[in-house]
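Asks: structure for this input, please:
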Amino acid sequence: MIPLFISFQFVDFVDIFLVALLMYEIYKLIRGTAGMNVFLGIIAFYVIWLIVRALHMEMLTRIFGQFISIGGLALVILFQSEIRNFLTMIGNKSLRSRGRKRLAKLFNISQEIIPMEAIIEISDAVFTMAQSKTGALIVISGKKETAWSQLQTGELIESRISSALLQNIFYKNTPLHDGAVVIVGRKIVAAKCVLPMSKQMDLPMGFGMRHRSALGMSEETDTLVLVVSEQTGDVTYFLHGEYNRLDTREDLEILIKRRQGTI
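Replies: Sure thing, here's the model as predicted:
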C-alpha cells in the first residue's frame, strides 16, 4: 500500500536546515570567484548523469559514473583554496569572543593586548592619513604566529607604536610605504609586508590592491586589517572575510578594544 503522507519528523527539519545553511555558506565563499563557474559546471554534469541513468543509457551512465567516482578527489584539488578558506572561516567563527578566551586559557595561548595609549596612536595615525588621502595598510594581530609568514616578507622594526612613525612609514616615496605594517601588542613589528590577495571578483569599484590584500589576509588569518584609501580617504576594516567602513576615531578605538576583549 502506498502511504498517503510522507513521514516528516523534527530531525528531518534539522537535516534540511543544516544542508541549506551549508550550501549558503559555500555560495558566499565562492560567489564572485572563478570557482563559482566550476561549481555550476559540476552541478550540470551531475544532473546530466542523473538523466542518462534514469533513461537507462548504460554506456553513458558508466562513463559518467567513472568521473563521479573520483569526483571527491577532483573537488579537493580544484577547490583547495576555497576549502581552506571555508575551514578558516568556521574556525574564526567558532573562536570569537568568549569562546576564544576560554580556549586561549585552556591551551595557554597568550594574546598580546594593545594598551589604550597605543590604540589612540593608531586611530590618530589612521584618520590623519585619511584626511591627507595617504594610502595605508595595517594588520593588527594578537600574536606573531598568526601573521608569521607575512612577517618574513617585510622589514622587521620592533618599535613602539606611535602616530608619527606610522604616518612616516606610509608617506609617499619612503622606502617602507609600499606594503603592510604588522602590529602585535604594543609594537609595530614589521613594515613593507606582502599579504595574500583575495580571489573575490565582486568587490566595490573603489577597492584597489590594498583592499584586495586586506580582504585576503582577513580570509586566511584571524587578524584585523585596516585600509586607508589614497583615492577617497575612506577608512575600511576587514575581519573574517568581511569589511565595513569606519567613520570616526572613536569607532576604530571601540573596534580594537572589542576585538581584543578589553570592553
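
Asks: can we go C-alpha only for contacts and neighbour counts from here?
Replies: OK.

Asks: can you pull the buried residues of stretch 13-26?
Replies: By neighbour count on 16 or more other CA atoms under 10 Å, the buried set for stretch 13-26 is Ile26.

Asks: need the CA coordinates for it. PDB is fine.
Replies: Listed in PDB are the C-alpha atoms of stretch 13-26, where the atom choice follows Å, rounded to 0.1, in the frame of the first residue of the first chain:
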ATOM      1  CA  PHE A  13      13.700  19.600   9.600                       C
ATOM      2  CA  VAL A  14      17.100  20.000  11.300                       C
ATOM      3  CA  ASP A  15      18.700  18.000   8.500                       C
ATOM      4  CA  ILE A  16      17.200  20.200   5.700                       C
ATOM      5  CA  PHE A  17      18.100  23.400   7.700                       C
ATOM      6  CA  LEU A  18      21.800  22.300   8.100                       C
ATOM      7  CA  VAL A  19      22.100  21.400   4.500                       C
ATOM      8  CA  ALA A  20      20.600  24.700   3.400                       C
ATOM      9  CA  LEU A  21      23.000  26.600   5.800                       C
ATOM     10  CA  LEU A  22      26.000  24.700   4.400                       C
ATOM     11  CA  MET A  23      25.000  25.400   0.800                       C
ATOM     12  CA  TYR A  24      24.600  29.100   1.600                       C
ATOM     13  CA  GLU A  25      28.000  29.300   3.300                       C
ATOM     14  CA  ILE A  26      29.600  27.600   0.300                       C
END
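
Asks: from the chain's centre, how far out does that stretch sit?
Replies: Once both centres are worked out by CA atoms, centre = their mean, to the nearest Å, stretch 13-26 turns out to sit 21 Å from its chain's centre.

Asks: buried ones in stretch 246-263?
Replies: Taking 16+ other CA under 10 Å as the basis for neighbour counts, the residues of stretch 246-263 that come out buried are Leu246, Arg249, Leu252, Glu253, Leu255, Ile256, Lys257, Arg259, Gln260.
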